[in-house]
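**Student:** I would like the atomic coordinates for the input below:
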Amino acid sequence: RGRLGARAVAGLVALSLATGGVAGWVGGRLEDRADAPQDVALPASVTGSRDVEDLTGVARIAAEVLPSVVSIEVAGAEGSGTGSGFVLREDGHILTNNHVVSAAADSGRIVVVFADGSQADATVVGRTPEYDLAVIRVDRTGLTPLALADSDEVVVGDPVVAIGAPLGLQGTVTTGIVSALNRPVSAGNAVETAFINAIQTDAAINPGNSGGPLVNAAGEVVGINSAIAQAPGLGQAAGSIGLGFAIPSNQARRTAEELIATGEATYPVIGVLLDQRYTGEGVQVATEEQQGQQPVTPDGPADRAGIRPGDVITAIDGRPVTDADELIVAIRARAPGDAVTLTVRTGDDDAREVRVVLDVVPTD
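**Tutor:** The predicted structure is shown next:
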């Protein structure tokens, strides 16, 4: 901006003095009037301060949840960034996204900023790119954890609240509803991509919200905010367009428990390769080897269930699948050892249902 010259400053001073003179003259005239106002104080609020017990709706949810939500600052060889997280256990365990801390997982610094403004260095307990989840820990006790709800009980239309630090703005609260369930969504980054069976919400989620909680009307975590949709052609997500996605809390619970116990996580598989070129109904098991791997793993879950190369899978547990990602995330939403029912068709034969017990694979 241009600087004011000496003449301009002098002009401002003169104008100020002139205005003051007029104001003094008017004030004097008002004092001479018998009907001049004697009290110009405006009405004061009689409500007073409110305790948490007095709050309702989103205000109460925010007051109860905010103290357990943190901002995470990361600096490493690949750069720096910020994200969100929340207290998982009172002994300093915090849950967030893998893509929030991955840049500093091996070398770098992770700083957790609490709601009261205090800070603490954190270390990575365990992380998994396959589920885009990470558990970090600070050297503190007596923290207030958030409860993980049963995400299987979530229904479309449920009210939800997203809390986090979008664009570094800590303690931001937005509201919306559950817009859809079982969305096959890829999260993470170009190097470490996760496929999640996501909860979709229209609550505003922006860069920096990643790792923060999506809570229900009871203030319990139903999801971990992880990704947002972006218009085609954009290199990176610019901001919320009303399409945000969260990892369901049941998935987060199972994975976090494994990470805390062993530092690693596992995921289930059925032991088939899918043909990404297939465009017909359902998804098709590949017919050829891929990078030396058989289309159907010998003696794997699918093989034992009678699934063969070229078979078409049209549903899992009665839920139709229309592309490969849908089947992948539906399976990864289960736990190793779980049994699923697949609807399978071989050639022109009638569809049949087969029971498949999921095998276990350790994450990288």
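
**Student:** Helix or strand for residue 225, just tell me which one.
**Tutor:** Remark: residue 225 resides in strand 221-228, with elements defined by DSSP states H and E.

**Student:** just checking, what packs against that strand?
**Tutor:** On a contact count with 3 or more CB pairs under 8 Å, 6 or more residues apart in numbering; DSSP states H and E, strand 221-228 meets strand 159-164, strand 172-188, strand 193-201, strand 213-215, strand 244-248, helix 249-262. Heads up, the C-betas are built off the backbone N, CA and C, glycines and all.

**Student:** Pull the CA coordinates from that strand and hand them back as PDB.
**Tutor:** Provided in PDB are the C-alpha atoms of strand 221-228 (Å, rounded to 0.1, in the frame of the first residue of the first chain):
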ATOM      1  CA  VAL A 221     -17.500 -41.600  17.500                       C
ATOM      2  CA  VAL A 222     -19.100 -43.300  14.500                       C
ATOM      3  CA  GLY A 223     -16.400 -42.600  12.100                       C
ATOM      4  CA  ILE A 224     -12.900 -41.100  11.500                       C
ATOM      5  CA  ASN A 225     -13.000 -38.300   8.900                       C
ATOM      6  CA  SER A 226     -10.600 -39.400   6.100                       C
ATOM      7  CA  ALA A 227     -11.400 -38.100   2.600                       C
ATOM      8  CA  ILE A 228     -13.500 -35.700   0.600                       C
END
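
**Student:** what's the angle from it to strand 244-248?
**Tutor:** Following axes from the mean of the first three to the mean of the last three CA atoms, to 10 degrees, one obtains 140 degrees for the angle between strand 221-228 and strand 244-248.

**Student:** what inclination does strand 221-228 have with respect to strand 193-201?
**Tutor:** Using the same axes, to 10 degrees, strand 221-228 lies at 120 degrees relative to strand 193-201.

**Student:** Ramachandran coordinates for the closest residue to residue 347 other than its chain neighbours?
**Tutor:** Nearest in space to residue 347, with sequence neighbours left out and distances taken as CB to CB, 6 or more residues apart in numbering, is residue 310 at 7.6 Å. When quoted as degrees, to the nearest 10, the phi and psi of residue 310 stand at phi 90, psi -10.

**Student:** Tell me who's in contact with residue 310.
**Tutor:** Contact partners of residue 310, counting by CB atoms under 8 Å, 6 or more residues apart in numbering, are 284, 285, 287, 295, 346, 347.

**Student:** contact partners of the helix or strand hosting the first one?
**Tutor:** Think residue 284. When secondary structure is defined by DSSP H and E, residue 284 falls within strand 283-284. Surrounding strand 283-284, the residues in contact under the criterion CB under 8 Å, 6+ apart are 274-275, 278, 310-313, 321-324, 326-327.

**Student:** and the strand holding residue 225, what's its mean pLDDT?
**Tutor:** What strand 221-228 shows for mean pLDDT is 96.

**Student:** between it and strand 172-188, how many degrees?
**Tutor:** Using the same axes, to 10 degrees: strand 221-228 against strand 172-188 is 60 degrees.

**Student:** Now do strand 221-228: distance to the chain's middle.
**Tutor:** On the basis of CA atoms, centre = their mean, to the nearest Å, the separation between the geometric centre of strand 221-228 and that of its chain is 3 Å.

**Student:** just to revisit the earlier point, could you dump the helices and strands packed on strand 221-228 into TSV and include mean neighbour count?
**Tutor:** Listed next are these as TSV, based on neighbours: other CB atoms under 10 Å:
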stretch	mean neighbour count
strand 159-164	24
strand 172-188	19
strand 193-201	24
strand 213-215	30
strand 244-248	28
helix 249-262	20
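
**Student:** wait, what's in contact with the spatially most central residue of the chain?
**Tutor:** Residue closest to the mean C-alpha point of the chain, counted by CA atoms, centre = their mean, is residue 225 at 0.9 Å. When contacts are counted by CB under 8 Å, 6+ apart, residue 225 touches 84, 162, 164, 205, 209-214, 244-246.

**Student:** try it again with 6 Å
**Tutor:** Shown in contact with residue 225 (CB atoms under 6 Å, 6 or more residues apart in numbering): 162, 205, 209, 212, 214, 246.
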